[in-house]
Structures are given as C-alpha cells and as structure tokens.
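[1] Next input, structure requested:
(chains A and B)
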Protein chains: 2
Amino acid sequence: MNIEMIRAAAKRLEGHARRTPILTSPFLDEIAGRRVFVKPECLQHTGSFKFRGGWSAVSALEPEARKAGVIAFSSGNHAQGVALAAREHGAPAVIVMPADAPAIKIANTRALGAEVVLYDRATEDRDEIGARLATARGLTLIKPFDEPQVIAGQGTCGLEIAADMQATGVTQADVAVCCGGGGLTSGIALALAADAPGLRVRPVEPEGFDDVTRSLASGQIMRNDRLSGSLCDAIITPQPGDITFPIMQEHCGPGVVVSEDDCLRAVRLAFERLKIVVEPGGAAALAAALFHPDAFAGDAVIAVATGGNVDPEVFIKALETTD
Amino acid sequence: MNIEMIRAAAKRLEGHARRTPILTSPFLDEIAGRRVFVKPECLQHTGSFKFRGGWSAVSALEPEARKAGVIAFSSGNHAQGVALAAREHGAPAVIVMPADAPAIKIANTRALGAEVVLYDRATEDRDEIGARLATARGLTLIKPFDEPQVIAGQGTCGLEIAADMQATGVTQADVAVCCGGGGLTSGIALALAADAPGLRVRPVEPEGFDDVTRSLASGQIMRNDRLSGSLCDAIITPQPGDITFPIMQEHCGPGVVVSEDDCLRAVRLAFERLKIVVEPGGAAALAAALFHPDAFAGDAVIAVATGGNVDPEVFIKALETTD
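    Just a heads-up that it's a prediction; the model follows:
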C-alpha cells in the first residue's frame, strides 16, 4: 500500500468519480472557534465516498476478472458504491445482504444493476454463501476496507483535500475523518503524508464503537463490544483492518470520540449552514470539529462528511434537535 | 447589459464565489426519462445564487462608494448575499426588512455583519425609509434583480454551466431556471447565448405566480395577482424587470409552470438522490425537469437548484410527501 497506488487510482477515477468541493460557513467557524472546512463526500455518486473505492477496485481488475464480475457483502454504502462502479464498467455485481435489510436499501442496490442475494442471518453463513458464489462464477470479492485498491480509491479524497487546502493557504491543520474500518482514514492519511504533510488525520468515532481510538491508544487492534444499536450505523465495524491499522498508527493523530447527540446536531447544522444532507455517522467528524474544539489545535480544521444515505425519519429527528 | 459584463464579473468573483459542481443521479434520470444535470446553487455562499449578484455589485463600486456602503430591501436570500459580500469587502451594509420577518432571517442577516433596519409594513413606506437612509449616508442601493451588475453576477452561473456541459458533451438541451424577477434567468441566458448557444433557458415558476411565463407568451410585462401565500416565497416577485424582460424575450424559451406539490416532491428527491438541501422555490426547475417531461425535448435537461434556505418545518413537510 503506497502513494503511487493512490495516484494511479486517481487517474482511473478521473471523469468518473465526482470531485467534491470544499464547503464553509461563517456560522460554523463561530461555533468551532476556528475556520471549518468541510469535504462533502455525501455529494459523491451513490451518496458516499464508497464509490471511490468501488470504482478503484473494479477498474483495477484484469479484463477477464472484470467480465466475470464482483461480489460484496454490504447492506449499506459499500453495496451501492460497488454496484454503480460495476455497472458503469459493464461488470456483473452480486451483493450479499441480510434478508432483514431495509427494503429501500435492497431496492436501491438492485436499481443500480446489482444482483442482490439475501441470506437469513439466523440460519445461514454469509461467508459460506459468498465463497460458494465466488467459486461457482469466478467472482472477485471486494472487501469494504481492508483491501489495497479500495484504500487507494478512498485515498483520492485525500489528494483532493491536499490540493484544495493548499489553494486556501491552510498548511497546518487536523483533518477529522469519520472512521469505521479505516479504509477512508488510512487512504486519506497516506495521501496527506505525501502531498500535505502539515495536515494530520484524526479518526472520529461514535461513543461505544471507538475501536480505532482505543487501538491507536493501546498500540494493538481492539474490538467493539457490540456492532449494532447506533444511529451511526454507516461507520460501525468490529475492529480496524490488518492493512488499515498500521497505516493509521504511522500517520494519524489520536482518535476523537463523539456522542450520537453530537452527530445529530451536526446533521442539523450541515442542513442549516451548508445545505447538504449528511447521515449521522457521516457527520461524526463535523461533530468533533464543532463540539469538541479542545481536541484540536490551530486556527483551522477540516472535516470529511463521509455520506448522506439517511432515512427521512432519522433526518427529521436530527432537524428536531435543539441546542 | 452584455456578455463582457458577465465575464468581468466572473473575474471579480473568482476565488470568492463558490464554483458549484454539477450533480446527477441515475434515479432522477429514470424519473425524467432523460439525463438530468443539476447545478446546486444552494451550495453557494449564504445558501443561494444571490451571493454572486451581491458580490458582483459591491465589487463593481468605486472605492468611495464602497466605503460609504450599500443598502438593500430584502428579508430573504438577497439580504444574506449582499450582507456577506459587503462584509468581505469591508463595506457597511444596511438591510431594510419588515418588522414581521422571521426572527431567524433577521438574526442571520445581522450575524453576517449587516445593520438591519426594520419597518412596519402597515404604517411605514419601505422605499421612503430606504431613500432617506441612502441620502443621509451616501449608500448605494443594490436592487435584487433589475440591476446590470447583479444580472452580471448571476450570469457567472451560466458561464459555469456552459463550461461544465461542454465537458460532458451535452451541447443541445434546455436549462430550467427557477425564476422570480429574472435576474438569474436573464444572466444565465446571456451567458449561454455567448458560450453555449445550443443550451436554451426555460424560466420555471410556481402556479399562481407565473408572471414571466405569461409575459413571455403575451409579449408584454404582466403582473401577478398576489405576492404571498406560496411555499415558493424565494421566487415570488410582482413582475419581470424592465431590464431582465427584454433579455428573456430574446433568449429564453417558453416558461414552465409547476405546482407547489411538484416542488415539495422535488425537494424530497433532491434530499434522497442528490443529498442537497433545496428550498421549495429553489426546487421549481428540478420539479419541471422531473415531473413535466413533455415540456422539454432532447435527451438531457439541466436544472438550476437556486437556493436552500428553508425552515426545518417546511423541509420536514417535503420529506413527508409521498408519490
């Protein structure tokens, strides 16, 4: 895993992934007590940064493998990112989802051209189903984060941050990144280490699911006790990846932990001041920047808003929060 | 009013106004039956395209006049656009608003550094108050649309559409623009006539407030019967401007009229599929593109989402609409 892979991914993504802008608001600056720059990956195709990794992985396949197709396990953003990337490459995509996944997510993934295979969480083994399908059809598994070409794709977001922050003259700052398994976090960290060494990534996680923060503090991979029951579902994973963790250890500052309530308030402020739709897990970094100013130093902070795939009911709940 | 003024405004806006991207979604393409390209001006500073016109007008002033300051009548997007543009130029700004304007709009405009002067709609004459202040302090009035430098600023949005659509290879298409007094509509029309003559502007208005559509059809300026009572308040004006109307006559196709309900559904789809926050009036063009496909020809349509300054209650109402 190295910067050249990220630069190569950037070339493959050019004209396909959306180059998201940097958004700002004087109102957010005032809350945070410093300048706040937001990278809205919710505006990426399929509503999250996951399209970058999906495109990178599919485009890196040999023609034969691409023709055979890809498979992914996901009921969320990774599923949609892989599905659309595969469709635009003319590659078949099989997405394995639990049968009790929300109907709208199943429908969206199918609408993006993927074959959705449902399994019963109580009686069936997801990995076994996946392995059987992969073998029978020659499908390539695209893992959600612990996969070099996926990390390379997510890292392209970091190249853009480096270029755009240089244009604003901000060369020393923390970059808060909503962190699940660490694919985006480690990709951005590698990109910044190469192109903007004064910018340092800070992984941000929700309370109770702070595996990366604890792993970075202890120096070894630690697990979450539970894997469900959070509004920040998009960034909940069991533990940091074997590939992503060493990268984060080398390049990231300490993790920052935010509450679910912080995230909902950040969703509301992103609505009010930036006019973007962010899901609670995708607002964790912005929540850290706004409501945990002591966690950061300097006169600027960058926050990546990682995704916007949120149900209307949850969004309404966020709009109804008060300060 | 000519294209050179728009190009000059674009130079003055460079690095100050945000260059908004073009957003797309395969789900919207399917609803519309053709490719849909959305220009999200809700992502512009202060949440609407009005910042472009405000910046253009303030930056065009002679240093003396700028130092004395500017004045505007508005309780909405124009107020915030002028206030922020003036503050960033170090120019005092007076915004005259009715005393019964929503508290949040007054607070926002003050927070952007403007002096807000309130008047009683029942007993006081807004124009008289403005004229008195302007004379006493040497303030320059910045009209919301019928003002060449404001039109020039809004026209920069059209230059960006021309450049970005050329990059996508779309050279023949209609460009739906939410239309109030016609400042943005005429500015974009002039820009496209020069830089992308195959793209034609179509003004879009809400039912009951279709003064531009009727004026274009009849060949003479016609008024709206009423000026309030619409969720699309951002684009309600009494009649097209004396400067904007001839430009629209020369360069625009027929107007398109949409219902309030169309606009709310478009707000919901912009939330769901583009992850942007659009106000009902700012969603009129997208509503036309999605729900009035017969009004357009060809295999692509561009819709400008003009603003995102919407109260949470109205946004929630939109999210709760069903198909």
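[2] in chain A, which spans are strands?
    All strands of chain A, identified by DSSP state E, fall at A:35-40, A:70-73, A:93-98, A:115-119, A:140-141, A:173-178, A:199-206, A:256-258, A:300-305.
[3] and residue A:247, which of these is closest to it?
    strand A:199-206 (9.7 Å; CB to CB). Where you see a C-beta, it was placed from the backbone N, CA and C, and this is true even at glycine.
[4] That closest one vs strand A:300-305, what angle?
    On the basis of axes from the mean of the first three to the mean of the last three CA atoms, to 10 degrees, strand A:199-206 is oriented at 50 degrees to strand A:300-305.
[5] Distance from strand A:199-206 to the middle of the chain?
    12 Å (CA atoms, centre = their mean, to the nearest Å).
[6] swap in stretch A:253-261?
    That offset, for stretch A:253-261, works out to 15 Å (CA atoms, centre = their mean).
[7] Likewise for stretch A:55-70?
    When C-alpha coordinates are averaged (CA atoms, centre = their mean), stretch A:55-70 and its chain have centres 21 Å apart.
[8] correct me, but residue A:194 touches residue A:3?
    Yes - applying CB atoms under 8 Å as the test, residue A:194 and residue A:3 come out as touching, 4.2 Å apart.
[9] According to the record, where do the domains of chain A fall?
    Chain A breaks down into these domains under automatic domain parsing: A:3-49+A:147-319, A:51-141.
[10] The last one and chain B in contact?
    So the one you mean is domain A:51-141. Yes - using CB under 8 Å from any CB of the partner chain, domain A:51-141 reaches chain B at A:84, A:108, A:111-112.
[11] how about JSON lines for those, with neighbour count, distance to residue A:153 and pLDDT added?
    Formatted as JSON lines, these follow (neighbours: other CB atoms under 10 Å in any protein chain shown; distance: CB to CB, whole Å; pLDDT from 0 to 100):
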{"residue": "A:84", "neighbour count": "26", "distance to residue A:153": "13", "pLDDT": "97"}
{"residue": "A:108", "neighbour count": "22", "distance to residue A:153": "20", "pLDDT": "91"}
{"residue": "A:111", "neighbour count": "14", "distance to residue A:153": "22", "pLDDT": "94"}
{"residue": "A:112", "neighbour count": "23", "distance to residue A:153": "17", "pLDDT": "94"}
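[12] What about those, which are in helices?
    Among the residues of domain A:51-141 next to chain B, the residues falling in helices (DSSP state H) are A:84, A:108, A:111.
[13] Near chain B, which residues of chain A are found?
    A:18-21, A:23, A:26-27, A:30, A:40, A:42-43, A:47, A:84, A:108, A:111-112, A:268, A:271-272, A:274-278, A:308, A:312, A:315-316, A:319-320.
[14] Retrieve the pLDDT associated with the residue with the largest distance to the centre of chain A.
    Taking CA atoms, centre = their mean, the residue of chain A most remote from its mean C-alpha position is residue A:136, at 30.5 Å. Looking at residue A:136, its pLDDT reads 93.
[15] now do residue A:157
    The score at residue A:157 is 98. That number is its pLDDT.
[16] Equivalent analysis for residue A:323, please.
    Reported pLDDT for residue A:323: 68.
[17] Over to residue A:228?
    Value for residue A:228, per-residue pLDDT: 83.
[18] I'd guessed it sits against residue A:209; true?
    No - the pair residue A:228 / residue A:209 is not scored as a contact, 9.7 Å apart, by CB under 8 Å.
[19] out of these two, which sits in the busier spot?
    Between residue A:228 and residue A:209, counted using other CB atoms under 10 Å in any protein chain shown, residue A:209 has the larger neighbour count: 27 against 7.
[20] where in the stretch 1-150 of chain A is pLDDT low?
    Judged by pLDDT under 70, the stretch 1-150 of chain A has no weakly predicted residues.
[21] Looking at it, what residue ends up closest to chain B?
    Nearest residue of the stretch 1-150 of chain A to chain B, counting by CB to the nearest CB: residue A:42, 4.2 Å away.
[22] With the stretch 151-300 of chain A instead?
    residue A:275 (3.4 Å).
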